[in-house]
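Trainee: give me a 3D structure for the following:
(one chain, ligands or ions: 1)
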Amino acid sequence: MPQILEGVPVRTQILNGLKPRVARLSRPPGLAVILVGDDPASGQYVRNKIRACAELGVHSEKLTPPASTTTEELLKAIETLNHRPEIDAILVQMPLPPHIASRKVLEAVAPDKDADGFHPVNVGHLVAGRPAPRACTPAGIIELLKYYRIPIDGRKAVVVGRSDIVGKPMALMLLAENATVTICHSRTANLAEECRAADILIAAIGKPALITADFIAPGATVIDVGISRISDAAEAERLGKAEDFAKNGTAWVGDVHPIGVRRVAAAYSPVPGGVGPLTIAMLMTNTVNLAERHLGVS
Ligand code: NAD
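Mentor: The predicted model follows:
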């Protein structure tokens, strides 16, 4: 059985480290969250973020324009937040409705209030190795690897997925930690062979159980970022999720085959319970870092 890389203790350690930093500030850090429309999943994500703020002593504000809002209205709201000194960080919950120019909206957030680290200026800082807000999910994975003392320096890391929010920033963060990094994607030839070269394999694809045991080198560390909902009982059973399915009528599964990985890997972050808990902790980290910067605390 591999070592199971649980996210909760890492989250606890990160949040405990932030508490005294928040207490030292002359005012609470401020996070504004923009939630457009009434998508239930997005609504739940935002509630979790607001709850994390309350627990940490971060001031939060939620703006909830209707799904019919326009790009121009959103740009105006962001402009107002950009100018408010007590707001340190701004988060636009994705996805936005299809009629909204998402890229334009994300790029309207001032780079020094960019809670999610998605602004091209901050991506540039990541490439250049300068401190800046970092994409939360990959930043959380680096914290997970460090917490469990998984060596990164000099190791071969393979990232499957090249999205702007997970795959690409993940590869850059691993590079900054001196890994030798390969990025794979939907056009990669011989995906299994590429993956088998990895000491650290990161799967950020969104295809349930695509990464089977034959993709994994014996002794590798496997980080499963994907989250898919399984609504077929037979599939849940095949993936060892029958108990979850019986309880909830549905089951969550990652990109990594949960039974296969346990036969080969030395360490594995499960879904749920691995990477998931860390994303909000890193959002809080970005928010506190930005507040310290705005208040001149180094
Ligand atoms: P995305 O759809 O933007 O990107 C998926 C990537 O996978 C693409 O780059 C694509 O090239 C690659 N891909 C698709 N099919 C492939 C295949 N057959 N072989 C190899 N590569 C393939 O997704 P994303 O936003 O990067 O998210 C990926 C997964 O991670 C999703 O399941 C998402 O829900 C999950 N996620 C989890 C968290 C978390 O907090 N745990 C955060 C963000 C995303």
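
Trainee: interface residues of the stretch 101-250 of the chain facing the ligand?
Mentor: Residues of the stretch 101-250 of the chain found near the ligand (CB under 6 Å from any ligand atom) are 137, 160-163, 165-167, 184-186, 188, 191, 204-207, 210, 225-228. (Glycine included, C-beta is placed from N, CA and C.)

Trainee: and those residues, which are buried?
Mentor: 137, 160-163, 165-167, 184, 188, 191, 204-205, 210, 225-226, 228 (16 or more other CB atoms under 10 Å).

Trainee: out of these, which sit inside strands?
Mentor: Counting by DSSP state E, these place 160, 184, 228 in strands.

Trainee: which pLDDT value goes with the first one?
Mentor: Right, the one you point to is Val160. Listed pLDDT for Val160 reads 99.

Trainee: equivalent analysis for Ser298, please.
Mentor: Taking Ser298 on its own, its pLDDT is 71.

Trainee: and the ones in strands among the buried ones among the residues of the stretch 101-250 of the chain next to the ligand, which is closest to Ala41?
Mentor: Ser228 (12.8 Å; CB to CB).

Trainee: next, the residue nearest to the closest one when sequence neighbours are not counted: secondary structure please.
Mentor: With CB to CB, 6 or more residues apart in numbering as the criterion, Ser228 has its nearest non-adjacent residue at 4.1 Å, and that residue is Pro208. Classification of Pro208 using DSSP: H, G, I helix; E, B strand; the rest coil returns coil.

Trainee: list the contacts of Pro208.
Mentor: 226, 228, 230, 235, 239, 253-255 (CB atoms under 8 Å, 6 or more residues apart in numbering).

Trainee: try 10 Å this time
Mentor: By CB atoms under 10 Å, 6 or more residues apart in numbering, the contact set of Pro208 is 226-230, 235, 239, 241, 251-258, 271.

Trainee: show me those residues that map onto helices.
Mentor: If you go by DSSP state H, these have Glu235 in helices.

Trainee: helix, strand, or coil at the nearest residue to Glu177 once chain neighbours are set aside?
Mentor: Spatial nearest neighbour of Glu177, chain neighbours left out: Ile152 (4.2 Å); criterion: CB to CB, 6+ apart. Under three-state DSSP, Ile152 falls in the coil class.

Trainee: Ile202 is in contact with Ile152, correct?
Mentor: No: under the criterion of CB atoms under 10 Å, Ile152 makes no contact with Ile202, lying 11.2 Å away.

Trainee: ok, the residue nearest to Ser102 when sequence neighbours are not counted - how many residues close by?
Mentor: Leaving out its chain neighbours, the residue that sits closest to Ser102 by CB to CB, 6+ apart is Leu96, at 4.8 Å. Leu96 sits with 22 neighbouring residues when counted by other CB atoms under 10 Å.

Trainee: what's the answer for Leu5, then?
Mentor: When neighbours are counted by other CB under 10 Å, Leu5 comes out with 24.

Trainee: distance of Gly154 relative to Asn178?
Mentor: According to CB to CB, to the nearest Å, Gly154 stands 6 Å off from Asn178.

Trainee: those two: who's more crowded?
Mentor: Neighbour comparison, Gly154 and Asn178: the larger count goes to Asn178, with 13 against 10 (by other CB under 10 Å).

Trainee: give the closest residue to that one in space, chain neighbours not counted.
Mentor: Residue nearest to Asn178 in three dimensions, not counting chain neighbours: Asp153, with 4.3 Å by CB to CB, 6+ apart.
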